[in-house]
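Novice: any chance you can model this:
(4 chains)
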2 protein chains.
Amino acid sequence: MAEAEAIDIDLEIIVQGAHGRSKPELRLWLRMLSTTKLISQEIRRRLRAEFGATLPQFDLMAQLYREKDGLRLGELSKRTMVTNGNVTGLVERLEADGYVQRVTPDGDRRVTVAKLTEAGVILFAAMAAAHEGWLQDMMADIDPHAVTALWSEIGTVKTSANNHLAAAFE
Amino acid sequence: MAEAEAIDIDLEIIVQGAHGRSKPELRLWLRMLSTTKLISQEIRRRLRAEFGATLPQFDLMAQLYREKDGLRLGELSKRTMVTNGNVTGLVERLEADGYVQRVTPDGDRRVTVAKLTEAGVILFAAMAAAHEGWLQDMMADIDPHAVTALWSEIGTVKTSANNHLAAAFE
DNA sequence: TGGCGACCTTTGACATTTCAAATATCTGCT
DNA sequence: AGCAGATATTTGAAATGTCAAAGGTCGCCA
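Specialist: The predicted model follows:
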């Protein structure tokens, strides 16, 4: 299958107009976006193939995994960067599958707390181990120093972006 | 509104187990993912607010913009990294809005070629200009040298990932 | 010339996504 | 007590996303 050649074409050919050259910020963004998309899709494929799970489910379970007491849906929403309405459905399906359980605490009946079931803990532990391995595999060709350096540099990107969001004009 | 504080919590708190420390590759991945998500969402908000358009529509139009003769849907699918089935609907809606036109070439009736209409060209040009500005804004706090360096380093990430995809075992 | 296999797009079933509006519940103030 | 405003979640509509299967069309070869 001529699947591989498709991969190099990619999003990076976006915008940068007929004129040709585009601003470095735009180039960087397009490369970040296409790289992230590429890796995400690979992870999604493998999660599906090996565990029958989706990436959003994995993300959600990851948050619950490190909070044994569970999380309110609003907290889950913030941490997964997913809207409230979306969390509702995600949790619903995970509950139907028996990996997550919903509880309403006594104190406040507006609140719903989601936590992993035992089956959920077991499944997630397996997925997390595989997931980490996949990443090491996919990043195997990168100089280890570069990995750390990149982590740090991308931190500045994130900070900068955070400081220039239109929404949060408090 | 306590919107800003949510942003720093984020995906990065994924996985890395109860044990704490996680592999550098995983940390890098989580940071790339959360940063990309953050910026994507901001762009989506602004596209919607200022142009009533969605990000996938923008992406698709970007591809068509630089190919005046249009693209076959399969090509569009590869370049936007979106599945075939998805492209069908995307193009359908853009056609309904009058920004894209579908044509079946004489030679091969299996093929559908999509191209921007005049209205599409005009709209996209405006969006692209704004889009580039938003990115420069969001990346304003980054050292310009770092922007270029990052672009290059992320290239190695992309290459490495590409070389370790499970799918393309040709 | 008939048909098989390859190629291109659409369709259908689901899951995820966002936004906005609707529900429920709680809190504090009068 | 009682209600206004703040909080928390759900719902509903529309778009996007995947995958697998189905539909056409084409090319080639026996």
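
Novice: and the next helix or strand past the worst-scoring helix or strand of chain A on mean pLDDT?
Specialist: When the helices and strands of chain A are scored by mean pLDDT, DSSP states H and E, helix A:4-7 comes last with a mean of 35. Counting by DSSP states H and E, the next helix or strand C-terminal to helix A:4-7 is helix A:24-51.

Novice: hmm, that next one touching DNA strand C?
Specialist: No - figure legend: helix A:24-51 not in contact with DNA strand C (CB under 7 Å from any atom of the strand); closest approach 9.4 Å. C-beta: built from backbone N, CA, C; applies to glycine.

Novice: does the residue nearest the centre of chain A sit in a helix, a strand or a coil?
Specialist: For chain A, A:Asp59 is the residue whose C-alpha lies nearest the centre (CA atoms, centre = their mean; 5.8 Å). Under the three-state scheme (DSSP: H, G, I helix; E, B strand; the rest coil), A:Asp59 adopts helix.

Novice: please tell me how far it sits from DNA strand C.
Specialist: 7 Å (CB to the nearest atom of the strand, to the nearest Å).

Novice: tell me how many other residues crowd the nearest residue to that residue once chain neighbours are set aside.
Specialist: Among residues not flanking A:Asp59 along the chain, A:Thr80 sits closest, at 5.2 Å (CB to CB, 6 or more residues apart in numbering or on different chains). Applying other CB atoms under 10 Å in any protein chain shown, we find 23 residues neighbouring A:Thr80.

Novice: who are the contact partners of A:Thr80?
Specialist: The contact partners of A:Thr80, by CB atoms under 8 Å, 6 or more residues apart in numbering or on different chains, come to A:56, A:59-60, A:63, A:87, B:11.

Novice: and chain A, what are its domains?
Specialist: Domain segmentation of chain A under automatic domain parsing yields A:1-52, A:53-146.

Novice: lowest-confidence stretch among the ones you listed?
Specialist: Among the domains of chain A, domain A:1-52 carries the lowest mean pLDDT, a mean of 74.

Novice: is it true that A:Arg45 touches A:Leu55?
Specialist: No - the criterion here is CB atoms under 8 Å, and A:Arg45 misses it with A:Leu55 at 9.7 Å.

Novice: quick one: which of those two has more around it?
Specialist: Remark: of A:Arg45 and A:Leu55, A:Leu55 carries more neighbours, 17 against 14, as counted by other CB under 10 Å.

Novice: any figure for the gap between the more buried one and DNA strand D?
Specialist: Applying CB to the nearest atom of the strand to A:Leu55 and DNA strand D gives a distance of 9 Å.

Novice: name the element A:Thr156 belongs to?
Specialist: helix A:144-162.

Novice: so what touches that helix?
Specialist: With CB under 8 Å, 6+ apart, helix A:144-162 has contacts from A:28, A:32, A:139, B:4, B:7-8, B:24-25, B:27-28, B:31-32, B:34-35, B:38-39, B:42, B:138-143, B:146, B:149-150, B:153-154, B:156-157.

Novice: which of the three states applies to the residue lying closest to A:Phe51 once chain neighbours are set aside?
Specialist: Among residues not flanking A:Phe51 along the chain, A:Met127 sits closest, at 5.4 Å (CB to CB, 6+ apart). The local conformation at A:Met127, judged by three-state DSSP, is helix.

Novice: can you check A:Ala140 too?
Specialist: coil.

Novice: ok, how many other residues are close to it?
Specialist: 12.

Novice: how close does the nearest residue to A:Asp141 once chain neighbours are set aside sit to B:Tyr65?
Specialist: Closest residue to A:Asp141 apart from its sequence neighbours, by CB to CB, 6+ apart: B:Ser160 at 3.7 Å. Using CB to CB, to the nearest Å, we find B:Ser160 at a distance of 30 Å from B:Tyr65.

Novice: neighbour-wise, which of the two wins?
Specialist: Counted by other CB under 10 Å, B:Ser160 and B:Tyr65 do not tie: B:Tyr65 has more neighbours, with 22 against 18.

Novice: just to revisit the earlier point, state the distance from the residue nearest to A:Asp59 to A:Trp29.
Specialist: Distance from A:Thr80 to A:Trp29, by CB to CB: 22 Å.

Novice: if anything else comes up later, I'll come back, but that's it for now.
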